[in-house]
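Asker: all I have is the shape, not the residue letters:
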């Protein structure tokens, strides 16, 4: 019985020593102290950005302008009339196919 008890104590001591060697923070799943908390990162003002199109660095004003352009999208008046007609016909064809009308 003494041997079992001693083995249990030595095993428990080994686990405790292992946790101490790993570090209490890692054992508890805590981030390292040098990591900046997410709450602070969310409040930081971003002064530099990268273009979502080509990855080039942009200023904050250029980034805002680009986001506005991307949200508004291209206007139909920018496309030639022939291309607009073709897009319309393709959309009609897609609608007819979704309904089940056979198209050659």
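Answerer: Nice, thanks for sending it over. No experiment lies behind these values; they were computed from the predicted model shown. Residues are numbered from 1 along each chain as shown.
Asker: helices and strands of the protein: which one bottoms out on pLDDT?
Answerer: Using mean pLDDT, DSSP states H and E, the weakest-scoring helix or strand in the chain turns out to be helix 2-22, at a mean of 53.
Asker: buried sites along stretch 35-45?
Answerer: For stretch 35-45, burial by neighbour count (16 or more other CB atoms under 10 Å) applies to no residue. C-beta here means a position set from N, CA and C on the backbone, and glycine is covered the same way.
Asker: quick one: terminal-to-terminal distance for that stretch?
Answerer: The distance separating the two terminal residues of stretch 35-45, taken as CA to CA, to the nearest Å, comes to 18 Å.
Asker: go on, stretch 35-49?
Answerer: End-to-end distance for stretch 35-49, by CA to CA: 22 Å.
Asker: average pLDDT across it?
Answerer: Looking at stretch 35-49 alone, the average pLDDT works out to 80.
Asker: who touches it?
Answerer: Outside of stretch 35-49, the residues within contact range by CB atoms under 8 Å, 6 or more residues apart in numbering are 57-60, 62-63.
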